[in-house]
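Trainee: What follows is a predicted protein model with its sequence.
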Amino acid sequence: MFDFILGNTVFTKTIMTCCFIGILSWSVLTISYRSMIRATSRIGQTKKKWLVSLKKKYEDYHEMDIKVNNVETFVDKYFRKKRVCGFPCAFWRTLYRLAIAACAITGAAGALAVSQGGGELTSVIITYLTGVIAAFSLIFLDILLRADAKEHRIIMNINDYLQNVLENSIAGQEVDLENGTTREQRRRLLRYARENTKKKAKDEPVSLEEKKVLEDVLQEFFA
């Protein structure tokens, strides 16, 4: 049977070519999804350029006071632009599905051509089965791939990091910066008030009791 397939018409060779393209696409997607899931599960430590760029872009929006209202849409759009071997994941998925369809169609067309050419029934059946088996094999691999579930997991990992980790980190930095600025302003005002008190004391004597009351008020106000 295999000798017949290898030496048969252009149809069976086309089926094998389509099957090879399908397996290649499946391999690219499998390796890429595995790598992306691993990277997005620890975004804080990853050095993947596309994730580092995503973090930087999100932080830049905050610095420019541009609020990202729908983080899921933001992540989804960015993920769709992610390229694997120069092409988006959607391209590889489409190519894989086209390979499945091409195997089935070529098998049927080849069987019809052999039949019309006066070929033996065995040749017709083998040509048709070659296309069907190749198509179903790729469908089985597609089921194992679970592309939709893996893409959803990748997007959810990124959403979780942006909304729960990076958002809180940015908010904490802003609070620390604001608190530091406020404390510095209070120290300057307190120092300025004390200097003014000393200057006034030179011109007009102030009792120790008045000084203590003034300092207590200033410390309570600027604490």
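Mentor: That came in fine, so what should we check first? Since this is a predicted model, take the numbers as computed values, not measurements. Numbers count the residues shown, from 1 in each chain.
Trainee: can you pull out the helices in the protein?
Mentor: 2-7, 10-40, 49-63, 71-80, 89-116, 121-145, 147-160, 167-203, 208-222 (DSSP state H).
Trainee: lowest-confidence stretch among those?
Mentor: Mean pLDDT is lowest for helix 2-7 among these, at a mean of 47.
Trainee: Just the buried positions in stretch 35-45, please.
Mentor: Residues of stretch 35-45 classed as buried: 36, 39-40, 43 (neighbour count, 16 or more other Cβ atoms under 10 Å). The C-beta positions use only the backbone N, C-alpha and C, and glycine is treated the same way.
Trainee: Tell me the one among the residues you listed nearest to residue 150.
Mentor: Using Cβ to Cβ, residue 36 is the member of these that lies nearest residue 150, at 8.0 Å.
Trainee: if I look at the residue nearest to that closest one when sequence neighbours are not counted, how far off is residue 76?
Mentor: In space, and not counting its chain neighbours, residue 36 is closest to residue 154: 5.0 Å by Cβ to Cβ, 6 or more residues apart in numbering. Residue 154 sits 10 Å away from residue 76, taking Cβ to Cβ, to the nearest Å as the criterion.
Trainee: Which of these two has more residues huddled nearby?
Mentor: A direct count of neighbours by other Cβ atoms under 10 Å for residue 154 and residue 76 places residue 154 higher, at 21 against 14.
Trainee: Contact partners for the more buried one?
Mentor: 33, 36-37, 40, 79 (Cβ atoms under 8 Å, 6 or more residues apart in numbering).
Trainee: now do 6 Å
Mentor: By Cβ atoms under 6 Å, 6 or more residues apart in numbering, residue 154 lies in contact with 36-37, 40.
Trainee: ok, now how distant is it from residue 35?
Mentor: Separation of residue 154 from residue 35 (Cβ to Cβ): 10 Å.
Trainee: Check residue 106 too.
Mentor: Distance from residue 106 to residue 35, counting by Cβ to Cβ: 33 Å.
Trainee: try residue 161
Mentor: Remark: distance between residue 161 and residue 35 (Cβ to Cβ) = 17 Å.
Trainee: Ok, residue 21 next?
Mentor: From residue 21 across to residue 35, the span is 22 Å (Cβ to Cβ).
Trainee: Residue 60 too?
Mentor: Counting by Cβ to Cβ, the gap from residue 60 to residue 35 is 26 Å.
Trainee: same deal with residue 45?
Mentor: Remark: distance between residue 45 and residue 35 (Cβ to Cβ) = 15 Å.
Trainee: just to revisit the earlier point, and the buried residues of stretch 35-45, which is closest to residue 52?
Mentor: For those, the nearest to residue 52 is residue 43 (9.0 Å; Cβ to Cβ).
Trainee: ok so, going back, turn the buried residues of stretch 35-45 into JSON lines, including distance to residue 49.
Mentor: JSON lines is the format used below for the buried residues of stretch 35-45 (distance: Cβ to Cβ, whole Å):
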{"residue": "36", "distance to residue 49": "13"}
{"residue": "39", "distance to residue 49": "10"}
{"residue": "40", "distance to residue 49": "14"}
{"residue": "43", "distance to residue 49": "13"}
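Trainee: Identify each buried residue in stretch 144-161, please.
Mentor: 145, 147, 150-151, 153-155, 157-159, 161.
Trainee: C-alpha coordinates for it, CSV please?
Mentor: Provided in CSV are the C-alpha atoms of stretch 144-161 (Å, rounded to 0.1, in the frame of the first residue of the first chain):
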residue,chain,number,x,y,z
LEU,A,144,-4.9,17.6,21.3
LEU,A,145,-3.6,21.1,20.6
ARG,A,146,-6.6,22.8,22.3
ALA,A,147,-5.6,26.2,20.7
ASP,A,148,-8.6,28.2,22.0
ALA,A,149,-8.1,27.0,25.6
LYS,A,150,-4.4,27.8,25.5
GLU,A,151,-4.9,31.2,24.0
HIS,A,152,-7.5,32.0,26.7
ARG,A,153,-5.1,30.9,29.4
ILE,A,154,-2.3,33.1,28.0
ILE,A,155,-4.6,36.2,27.8
MET,A,156,-5.9,35.5,31.3
ASN,A,157,-2.4,35.3,32.7
ILE,A,158,-1.6,38.6,31.2
ASN,A,159,-4.8,40.2,32.4
ASP,A,160,-4.2,38.9,35.9
TYR,A,161,-0.7,40.4,36.0
